[in-house]
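In: here is the input, now give the coordinates:
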Amino acid sequence: MISANELKSAATGHSDSIEQICLATWEPLYRFIYYRVQNREEAEEITQDTYVKTLTYLQKHKYNPESFTGLLKTIALNLVRDRWRQKKRRGVTCSLEEPISIDKEAIDEQKYITERLQIEDALAKLSTEQRTIIDLRIIKGYSVAETAKQVKKTEAAVRTTQYRALQTLKRILYKNDEY
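Out: Below is the predicted model of the structure:
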């Protein structure tokens, strides 16, 4: 948990406080962003931009440390949306003079889409509770304690449900696997 003093200190540019905040929040924030953009470099860039915008915001406004993670995710989501809008405006560029060929990226993208569909299908076979816990813990990056509060279960129940859900996913996915 990030303290109000750390936020104030980070807002004034104290590097140790900024580092503590980043260390405490970067992993779930990065996962949150990566889940949306599905590109490592872009996720890293947006994560960095999120911290810059957040620190700028903290210099101008007081903010409650209890909802700091929500602030980070809101700023990150806005940055992701801004990038999508920019890409949509620019469109896709292509050269009419170069011969059209199927490249490795296109094949990799198709493989990625196929794998993603298999994972989504496997997730649909889980119970609602298992899907919720997998979503909160793995996809959104919540801690066990945060997840337990959200689903109104004990931390032990969350860990057990997550373990069983992952085992079920493993059985489903590897049953369909050709290897």
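In: who touches the residue nearest the centre of the chain in this structure?
Out: Closest to where the C-alpha atoms of the chain average out (C-alpha atoms, centre = their mean) is residue 32, at 1.4 Å. Residue 32 sits next to 73, 76, 140, 141 when contact means C-beta atoms under 8 Å, 6 or more residues apart in numbering. Yep, even glycine has a C-beta here, placed from its N, CA and C like the rest.
In: look at residue 63 and tell me its secondary structure.
Out: Under the three-state scheme (DSSP: H, G, I helix; E, B strand; the rest coil), the conformation of residue 63 reads as coil.
In: could you pull up phi and psi at it?
Out: For residue 63, the backbone dihedrals are phi -140, psi 140 (criterion: degrees, to the nearest 10).
In: and for residue 153?
Out: Main-chain dihedrals, residue 153, degrees, to the nearest 10: phi -130, psi 170.
In: contacting residues around the helix or strand containing residue 42?
Out: Residue 42 belongs to helix 40-60 when elements are defined using DSSP states H and E. Where contact means C-beta under 8 Å, 6+ apart, the residues beyond helix 40-60 that reach it are 7, 10-12, 18, 22, 26, 29-30, 33-34, 37, 63, 71-72, 75-76, 79-80, 83.
In: how about 6 Å then?
Out: Outside helix 40-60, the residues that touch it by C-beta atoms under 6 Å, 6 or more residues apart in numbering are 7, 11, 29, 30, 33, 34, 37, 72, 75, 76, 79.
In: now it, how far from the chain's geometric center?
Out: Between the mean C-alpha point of helix 40-60 and the mean C-alpha point of its chain there is a distance of 14 Å (C-alpha atoms, centre = their mean, to the nearest Å).
In: hang on, the earlier thing: got the contacts of helix 40-60 as a markdown table, with neighbour count and secondary structure columns?
Out: Supplementary listing: the contacts of helix 40-60 in a markdown table, determined by neighbours: other C-beta atoms under 10 Å; DSSP: H, G, I helix; E, B strand; the rest coil:
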| residue | neighbour count | secondary structure |
| --- | --- | --- |
| 7 | 21 | helix |
| 11 | 20 | helix |
| 29 | 23 | helix |
| 30 | 19 | helix |
| 33 | 25 | helix |
| 34 | 18 | helix |
| 37 | 18 | helix |
| 72 | 22 | helix |
| 75 | 20 | helix |
| 76 | 24 | helix |
| 79 | 19 | helix |
